[in-house]
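Novice: Build the 3D model from these lines:
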Amino acid sequence: MSNSKNRVKNIVKSVRHYQEEFEKENKTSKYMTDSCNTLTNNEHKRLNVIVDTKTGELLSKPKCSYRYYTQLMENYRSGIKALGFKHHAIERNIKSFLRKYGIKNKELFKKIDSSLAIEKLRENIILLRADTITGSEFRSDLLSLRIEHHAFYMFEPKGAVKDWIRDDDKKQLNKKLHSQILVNPEWVKSLSHDLLTKKSPSTSELCIGIAIATGRRLTEIMKTAKLKVVDDETLLFSGQLKTKNRHLFEDITSYKIPSMIKAEIVVKALNKIRNDTSKDLLKYNDVLGEPVECTVSEGDVKDYDHNRAVQKKYESTINRAVRSLLQNGNFSLKACRALYTEVTYEEHAKDGEARSAYRHRVLGHSLIETQLHYESFKIDKTINSIKLIEEEKTEQNSDQQQALVDYLTLADSIVNCYARAPKIAIMHAWLKNEVSNGLLIEKITPSYIRRHCLIDGKQLNLNTIKKYVEEFIKLSQYTPPKPKDKKPESKKAQEIYDLEVKIEEMQTRVTDISDEREGLDDELVQLKERIEEVEEEDEELELEQESLNDELEDMQFKLSELETELEAEQAKKENGQKNEIAEPELQWPDADDIDIQAKKDGKMWHVWSSVNGKTFEQWTGGRKTLAIKELRNYYRKSVAKLVN
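Specialist: The predicted structure is shown next:
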């Protein structure tokens, strides 16, 4: 897309040019630093990410979300890194580091050598870092050692943005930890079994069933995972993604994992989903920004861009299916991994094995922070299926919420009388109930309603929801009562309050954008299906048209023959019966026996035949065969007139 903010290809092209100029023209270090600084400054200006050079404070509102900006920067850095260029001052940087630490550790001279290939240098630094002490000066200097191309470091995401994301992640994690998801283990097992033993399961159903039964990630299920039956309750798994330093330790040892349902069923389901999707087409850009088109099965297991393309192709559809199955808009496929560990823990944990240790063993998590995201799931055999309980709700002014409920109630009569779309009445009742339970007006958007208001496990049409919001409840016309919040006591407190409001607005918008993109995905699928139908219809009409053209040509020729015969009969009647038949001076061959020449003349066919010294010729449009038939007919008419 020409308007895409992702310019990996352009950035890589510029960096490659700088490097070639630097090497060819023997440019100074200043040329390289100035060129890279200009490149990164222009890119940040394009994205409107401007920071105070002294304080690091963000001075502008970026043209994209903080998370998308960070992803862009990481994409640029990955592309630059893939070029394999060393830093223009790598020798000087390494010599300075070795002067400081090489005396005490002679092995450093072998491991950190500027003449080594850049890939080997990267691996050696990772291995050295693994043995360093956190907080030590050596570790700090090692991490600060610049061996990559200068542009790689210039595209480091701004600190203010990284701090915001870090704080937001903590808030989201805290929200998860203050909510509980109660789940009936037997219901979960039955759900997985039913999905994987259906007569004609969809790709989404197979993927969800396998995720619940094994705890594997989406891309592992669709591409990299290999499962072998050990016994009815155990599988041997290999092909794990997200392994730390996976480019160093490529051969990850396979390990045993519990199978929530009979292992043989899971393996058969995995084989089926691979057979069904292996030829699905992927279109994406590689690490250098170059377009790639291949199938799901063609990518290498360690190809990060191909793996990400697999994730992107199926993620939206499968997450919608998860929300439908679990009857809640808060869930995604990731929830299936948490369901897996919680349900299988009691039966498969080793003696004395804590839940965190169990998760580490069966999921492969290496960080305790990663496992905290799974703490909210709890076993409860008293409920029928699964239930979300928020223990800590945001404190809201009850008058504010009641005022909004009263406003929504004004639309009751028009909603209930609208018989064309009975689902609008269900949606209306749902929204009033949600507002009564604390849903803020800032969160009420068509995309939010679409994601969270599920009717019979299915999402509503986005256009229907927009019609409800804009024409039935007319939400934009609602004026809330003035809040009675206490004013901030100081200027600093006011700044904090204003910033929190902006952050909340941005978080809501980010969620809305994600949901709206899912809606577009739905529409795109429908359009693709319609395109296929149109192509089939066009092909059928083309075949029918060709058949009719051939039939029409034959009928037109037969008509010409009949007209010729009719003219001959009329000529005989006009001349009367001759008593004496004179011998013709010339013998005229039958029209089918004459030799005809044909030559293309522009868009016409020039056809002619010389018989008894006389030339018969015509210029006719259309096909060559039709032109020849027309000349034979013309010859037949002409000879008839000559004879008579």
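
Novice: Name the helix or strand of the protein that has the lowest mean pLDDT.
Specialist: helix 368-372 (a mean of 50; mean pLDDT, DSSP states H and E).

Novice: what's the closest non-adjacent residue to Leu642?
Specialist: Spatially, and ignoring its direct neighbours in sequence, Leu642 is nearest to Trp588 (7.2 Å; CB to CB, 6 or more residues apart in numbering). Any C-beta I mention is one placed from the backbone N, CA and C, and that applies to glycine too.

Novice: Kindly report the same for Val611.
Specialist: Ile594 (5.7 Å).

Novice: how long is stretch 619-628 from one end to the other?
Specialist: End-to-end distance of stretch 619-628 (CA to CA, to the nearest Å): 10 Å.

Novice: Can you list the buried residues in it?
Specialist: Neighbour counts over stretch 619-628 (16 or more other CB atoms under 10 Å) mark 620, 626-628 as buried.

Novice: What is the burial count for Phe85?
Specialist: The tally of other residues near Phe85 (other CB atoms under 10 Å) stands at 21.

Novice: Skipping its backbone neighbours, what lies nearest it in space?
Specialist: Nearest residue to Phe85 in three dimensions, chain neighbours excluded: His149, at 4.2 Å (CB to CB, 6+ apart).

Novice: any idea of the pLDDT on the one you found?
Specialist: His149 is assigned 94 on the pLDDT scale.

Novice: got a pLDDT number for the residue positioned nearest the centre of the chain?
Specialist: Central residue of the chain (CA atoms, centre = their mean): Lys312, 3.6 Å from the mean position. As predicted, Lys312 sits at a pLDDT of 91.

Novice: Next SSE downstream of whichever strand or helix holds it?
Specialist: Using DSSP states H and E, Lys312 sits in helix 304-326. Downstream of helix 304-326, the first helix or strand assigned by DSSP H and E is helix 334-348.

Novice: Just checking the distance from that next one to the centre of its chain.
Specialist: Distance of helix 334-348 from its chain centroid, counting by CA atoms, centre = their mean, to the nearest Å, is 28 Å.

Novice: Next: stretch 135-154.
Specialist: 34 Å.

Novice: oh, and call the first residue 52 from now on, that's how I've got it
Specialist: All set: I'll call the first residue 52, so the last point we hit is now stretch 186-205.

Novice: Next, the distance between the ends of it.
Specialist: 24 Å.

Novice: same deal with stretch 410-428?
Specialist: This stretch, stretch 410-428, spans 13 Å end to end (CA to CA).

Novice: check contacts around the residue nearest to Leu693.
Specialist: Neighbouring residues of Trp639 by CB atoms under 8 Å, 6 or more residues apart in numbering: 662-663, 690, 693-694.

Novice: again, only using 10 Å
Specialist: 645, 662-663, 665, 686-687, 689-691, 693-694 (CB atoms under 10 Å, 6 or more residues apart in numbering).

Novice: so it, which of the three states?
Specialist: When classified by DSSP: H, G, I helix; E, B strand; the rest coil, Trp639 comes out as coil.

Novice: can I assume Val658 sits in a strand?
Specialist: Yes - counting by three-state DSSP, Val658 is found in a strand.

Novice: how close does it get to Glu404?
Specialist: Distance, Val658 to Glu404, using CB to CB, to the nearest Å: 93 Å.

Novice: who's more crowded, those two?
Specialist: Val658 (24 against 13).

Novice: is the more buried one in a bridge, and if so with what?
Specialist: Beta-bridge pairing of Val658 under DSSP bridges involves Ala649, Gln669.

Novice: any idea how far it lies from Ala642?
Specialist: As judged by CB to CB, Val658 and Ala642 stand 13 Å apart.

Novice: Near the residue nearest to Val662, how many other residues are there?
Specialist: 17.

Novice: for the one 4 residues further on, same thing?
Specialist: Neighbouring residues of Ala649 were enumerated by other CB under 10 Å; the total is 16.

Novice: can you check Val59 too?
Specialist: 22.

Novice: Next: Asp646.
Specialist: Asp646 is flanked by 8 other residues according to other CB under 10 Å.
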